[in-house]
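Visitor: coords below, sequence missing:
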């Protein structure tokens, strides 16, 4: 069961039927929560992660906290995520390196997750200097493919927020190359979206590539029901001037509302209050 859950989280994207139950092992529950969150099933994921945050294993508790922070951030709750990422860093910061995990579910990966999460939280709150410093601090812990991919996302997003689109291309390209080399379906989708947005204001050739990347991301997200990214992909595709843009915007709103129905009360509240999530007050 754990192998199939890991594949769903970091590989082929196929969520196994076993994820609808509660895996026996703590690591299995973490992997299930990651897969559930990717599909926008935030309430189910939060239930698993809340229990894991109380684990006596600091690395596992840290990974659970940073995963929940990511889910809160996906719904626009950067301030709430900041607290959770701070908790994650406090749990992981002094832990010995220990046994390594291929996907970064280890002490080094936990430190990278917490630091990159804090960078993304600060970015979302307009603190670009703090975000840059945290990404730089995380570099020492990005020895695995997942951390390198996430570092590329955040670095690119910082440059975009700083209106330096050209500087965003290199980290965005690196993230996509790393995710593709790993065969990590969900990370490829996110990387395509980040690079697509990065290229959107470039030359006509770059803009055409952006449309191709975002279209591919949407199609893959739809195929594997990665709803946490699918509503975003539809919105970005509409903004890129794709044909039937109004239909994509409607589809994005429809998907987002479906995601919010599967979120816990905290997640729904954060989305309603966020300036980043277009809930329309729902």
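Guide: Everything's here; your move. Remember, it's a predicted structure, so these values are computed and weren't measured experimentally. Numbers count the residues shown, from 1 in each chain.
Visitor: run the chain-centre distance for stretch 35-49.
Guide: 13 Å (Cα atoms, centre = their mean, to the nearest Å).
Visitor: check which element follows the top helix by length along the chain along the chain.
Guide: Longest helix in the chain by number of residues (criterion: DSSP state H): helix 204-223. From helix 204-223 onward toward the C-terminus, using DSSP states H and E, the following helix or strand is helix 227-239.
Visitor: now that next one: mean pLDDT?
Guide: Averaged over helix 227-239, pLDDT sits at 96.
Visitor: what packs against it?
Guide: Using 3 or more Cβ pairs under 8 Å, 6 or more residues apart in numbering; DSSP states H and E as the contact definition, the elements that helix 227-239 packs against are helix 26-38, helix 185-199, helix 204-223, helix 245-261. C-beta coordinates here come from the backbone N, C-alpha and C atoms, glycine included.
Visitor: list the contacts of it.
Guide: Identification of contacts with helix 227-239 by Cβ atoms under 8 Å, 6 or more residues apart in numbering yields 37-40, 71, 74, 186, 189-190, 193, 196-197, 200, 211, 214-215, 217-218, 221-222, 245-246, 248-249, 251-253, 255-256, 258-259, 278.
Visitor: again, but for stretch 198-212
Guide: Under the criterion Cβ under 8 Å, 6+ apart, residues 156, 160, 165, 168-169, 172, 195-197, 213, 237, 239-242 lie in contact with stretch 198-212.
Visitor: end-to-end on that stretch?
Guide: One end of stretch 198-212 sits 13 Å from the other (Cα to Cα, to the nearest Å).
Visitor: start the count at 52, not 1, going forward
Guide: Got it, the first residue is 52 from now on, which makes the last one we talked about stretch 249-263.
Visitor: in that stretch, what counts as buried?
Guide: When neighbours are counted by 16 or more other Cβ atoms under 10 Å, the buried residues of stretch 249-263 are found to be 249-251, 257-258, 260-262.
Visitor: please apply the same query to stretch 203-212.
Guide: Residues of stretch 203-212 classed as buried under the neighbour-count rule (16+ other Cβ under 10 Å) are 203-211.
Visitor: dump those residues to TSV, plus distance to residue 60 and secondary structure.
Guide: Converted to TSV, the buried residues of stretch 203-212 look like this (distance: Cβ to Cβ, whole Å; DSSP: H, G, I helix; E, B strand; the rest coil):
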residue	distance to residue 60	secondary structure
203	19	helix
204	16	helix
205	19	helix
206	23	helix
207	22	helix
208	22	helix
209	26	helix
210	28	helix
211	26	helix
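Visitor: closest to residue 64 out of those?
Guide: Nearest to residue 64 among these: residue 204, at 17.5 Å, using Cβ to Cβ.
Visitor: who touches that closest one in this structure?
Guide: 222-223, 226, 241-242, 245.
Visitor: try it again with 6 Å
Guide: Counting by Cβ atoms under 6 Å, 6 or more residues apart in numbering, residue 204 touches 226, 245.
Visitor: just the pLDDT for it.
Guide: Residue 204 is assigned 98 on the pLDDT scale.
Visitor: swap in residue 68?
Guide: Taken from the predicted model, the pLDDT recorded for residue 68 is 64.
Visitor: now the one 5 residues further on
Guide: Per-residue confidence (pLDDT) for residue 73: 75.
Visitor: point out where the protein drops to low pLDDT.
Guide: 67-72, 293, 331-333 (pLDDT under 70).
Visitor: go again with 90.
Guide: 52-55, 59, 63-75, 145, 148-149, 216, 252, 292-295, 327, 330-333 (pLDDT under 90).
Visitor: which residue would you name as the spatial centre of the chain?
Guide: For the chain, the residue whose C-alpha lies nearest the mean C-alpha position (Cα atoms, centre = their mean) is residue 121; its distance is 6.0 Å.
Visitor: how about the nearest residue to it, chain neighbours excluded?
Guide: Leaving aside its chain neighbours, residue 121 sits nearest to residue 168 (6.5 Å; criterion: Cβ to Cβ, 6 or more residues apart in numbering).
Visitor: mind checking the SS state of that neighbour?
Guide: Reduced to three states with DSSP: H, G, I helix; E, B strand; the rest coil, the structure at residue 168 is helix.
Visitor: show the contacting residues for it.
Guide: Applying Cβ under 6 Å, 6+ apart as the definition, the contact partners of residue 168 turn out to be 117, 120, 136.
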